[in-house]
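>>> got a predicted model here, sequence first, then my questions.
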Amino acid sequence: MIKKFFFNLIVGTNNPGKLREIKDLLPNNLKIYSPRQLKIKSPRETGKTFKDNSIIKAKFFSKKAKMACLADDSGLEIDMLDKKPGIHSSRWGGKKKNFNVAIKKVFKELSKKDKDWKRKKIKARFVCALTIYWPNGKNFVSIGKIEGFISSKKRGKNGFGYDPIFIPFKKKITFAQMSSKMKFKIDHRSRAFKKIKRFF
Ligand code: IMP
């Protein structure tokens, strides 16, 4: 019989969309907690890179919850906007983290750069830094990326965040038009996860 070891893990995010997607990637030999369940508020994300911020979150939640933590920091980089919104992807949605507000801002910023942007191929990528951090301070960071383009219109109802405006390379539909299964096969989070799953 194969022995599976069980352990507690806090998934370091209070974003329900991300929590759902990370939980779906994890095996069933874990007891998974969210910061909300344990009444832990998120730390300030003071890093300058996705990697820095994922370490800040994973370390913070691991210390507070006294268990291993898996945290991600992710976002959308748009080349024409000098890689913005980048690490500020969530903040572009305002205090209420409203993704419609964030998408409107993307369209507005692109129009400021180039009135004709809708007729052009606007290169972008999703980036995800995943960190697993153990209470003894050991940690491991993994980065995943997916390249694509910005759609000139919102399309699709699935997923979360900027999914309705992101079309991966070699696809004709946005992430929000894909089933979650199809998105997971190629997305930045599952790519980062592939390099970290040996710890579970
Ligand atoms: P974080 O919680 O600071 O890492 O915020 C990441 C933000 O990036 C999210 O709130 C979304 O706006 C955006 N984001 C990250 N991953 C995805 C994705 O898979 N689809 C759509 N938006 C994403």
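Good, I have the coordinates.

>>> can you list the residues of this protein near the ligand?
With C-beta under 6 Å from any ligand atom as the criterion, the chain comes near the ligand at residues 13, 15, 45, 73-76, 89-90, 126, 159-163, 175, 187. No exception for glycine: its C-beta is placed from N, CA and C like everyone else's.

>>> inside helices: which ones of these?
Counting by DSSP state H, none of the members of the residues of the chain next to the ligand fall within helices.

>>> drop anything exposed from those.
The neighbour count (16 or more other C-beta atoms under 10 Å) marks 13, 15, 45, 73-76, 89-90, 126, 159, 161-163, 175, 187 as buried among the residues of the chain next to the ligand.

>>> which of these fall in strands?
In strands, judged by DSSP state E, the following of those are found: D73, S74, G75, L76, F126.

>>> reformat these as a markdown table; add distance to K108 and pLDDT.
Below are these laid out as a markdown table (distance: C-beta to C-beta, whole Å; pLDDT from 0 to 100):
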| residue | distance to K108 | pLDDT |
| --- | --- | --- |
| D73 | 24 | 95 |
| S74 | 22 | 95 |
| G75 | 18 | 97 |
| L76 | 15 | 98 |
| F126 | 20 | 98 |
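
>>> out of those, who's nearest I56?
D73 (8.1 Å; C-beta to C-beta).

>>> and the worst-scoring helix or strand of the chain on mean pLDDT, what does it pack against?
Within the chain, no helix or strand scores below helix 16-25, which has a mean of 85 by mean pLDDT, DSSP states H and E. Counting contacts by 3 or more C-beta pairs under 8 Å, 6 or more residues apart in numbering; DSSP states H and E, helix 16-25 is packed against strand 7-11, strand 68-78, helix 180-186, helix 188-194.

>>> now with 6 Å, please.
Using 3 or more C-beta pairs under 6 Å, 6 or more residues apart in numbering; DSSP states H and E, no helix or strand is in contact with helix 16-25.

>>> now the next helix-or-strand element following that helix: average pLDDT?
Using DSSP states H and E, the helix or strand that follows helix 16-25 in sequence is strand 30-33. The pLDDT scores in strand 30-33 average 92.

>>> as PDB, could you dump the C-alpha coordinates of strand 30-33?
The C-alpha trace of strand 30-33 is given here as PDB (Å, rounded to 0.1, in the frame of the first residue of the first chain):
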ATOM      1  CA  LEU A  30      -3.900  18.000   2.500                       C
ATOM      2  CA  LYS A  31      -6.100  19.700   5.000                       C
ATOM      3  CA  ILE A  32      -6.400  23.100   3.300                       C
ATOM      4  CA  TYR A  33      -7.100  26.300   5.200                       C
END
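
>>> strand partners of it, parallel vs antiparallel please.
Using DSSP bridges, the strands paired with strand 30-33 are strand 7-11 (parallel).

>>> what comes into contact with stretch 176-192?
Residues outside stretch 176-192 that contact it (C-beta atoms under 6 Å, 6 or more residues apart in numbering): 21, 126-128, 130, 142-146, 155-156, 158-159, 163-164, 175.
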